[in-house]
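# okay, predicted coordinates and the sequence, questions at the end:
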Amino acid sequence: MSVRRRIVEVVVSAPRAARLRAPARRFCALALAAAGFAEWDIAVLLCDDARIADLNGRYRGARRPTDVLSFPRTQSPSARLVEGDIAVSLETVGSNAAALGLEEGEELERLLVHGILHLSGMDHGRGRRRKMLATQEALLGRLRTQRNSRESDR
């Protein structure tokens, strides 16, 4: 019998973000399972705009802040396994949430799902944006329904 690998590590680079470590880890595991993956090994960095601008400049050539970056560990993701690293700027989460009229937690979850979809091989370049965003919103909807169901069972 093989043991399933289900690892989510969350690292925070700012003391105020420490409270988000456990909820982000739990949410990622729920999102990966809801997306149908059997195994995963991901690391999430919750950081500030300066750190994500550094990563964006180093790996994408755009030395400016962005909301989320994803770094797959394999060139050919499998439908069964997701591996890679995600970086999310909490400063940009806050400004996005304010601009969209959302709670910061909801925007963080949206960006985590976006990063997970990138790790799974999805891309929103070359006319695929609509499909990826539809997949993202459908997955967030399923997760909301599951959360509401669990809360009503209490």
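Now that the structure is in, tell me what you want to look at. Please read these numbers as outputs of a predicted model, since none were measured by experiment.

# how much space is there between Ala134 and Phe37?
19 Å (Cβ to Cβ, to the nearest Å). Heads up, the C-betas are built off the backbone N, CA and C, glycines and all.

# do the same with Thr66
Taking Cβ to Cβ, one finds Thr66 at 25 Å from Phe37.

# so for these two, which sits in the more crowded spot?
Phe37 (19 against 16; other Cβ atoms under 10 Å).

# contacting residues around that one?
Ala79, Arg80, Leu81, Val82, Ser120 (Cβ atoms under 8 Å, 6 or more residues apart in numbering).

# who wins on neighbours among these?
Most crowded among the contacts of Phe37, counting by other Cβ under 10 Å, is Val82 at 25 neighbours.

# which residues pair with that residue across the strands?
Trp40 (DSSP bridges).

# and it, what does it touch?
Neighbours of Val82 in contact, by Cβ under 8 Å, 6+ apart: Leu32, Phe37, Glu39, Trp40, Asp41, Ile42, Ile116, Leu119, Ser120.

# ok, 6 Å please
Val82 is in contact with Phe37, Trp40, Leu119, Ser120, counting by Cβ atoms under 6 Å, 6 or more residues apart in numbering.

# from those residues, which is closest to Asp48?
Among the contacts of Val82, Leu119 lies closest to Asp48 (Cβ to Cβ), at 22.0 Å.

# rewinding a little: include pLDDT and distance to Val8 when you put the contacts of Phe37 into JSON lines, please.
Output for the contacts of Phe37, formatted as JSON lines (pLDDT from 0 to 100; distance: Cβ to Cβ, whole Å):
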{"residue": "Ala79", "pLDDT": "71", "distance to Val8": "19"}
{"residue": "Arg80", "pLDDT": "85", "distance to Val8": "16"}
{"residue": "Leu81", "pLDDT": "89", "distance to Val8": "13"}
{"residue": "Val82", "pLDDT": "92", "distance to Val8": "10"}
{"residue": "Ser120", "pLDDT": "91", "distance to Val8": "14"}
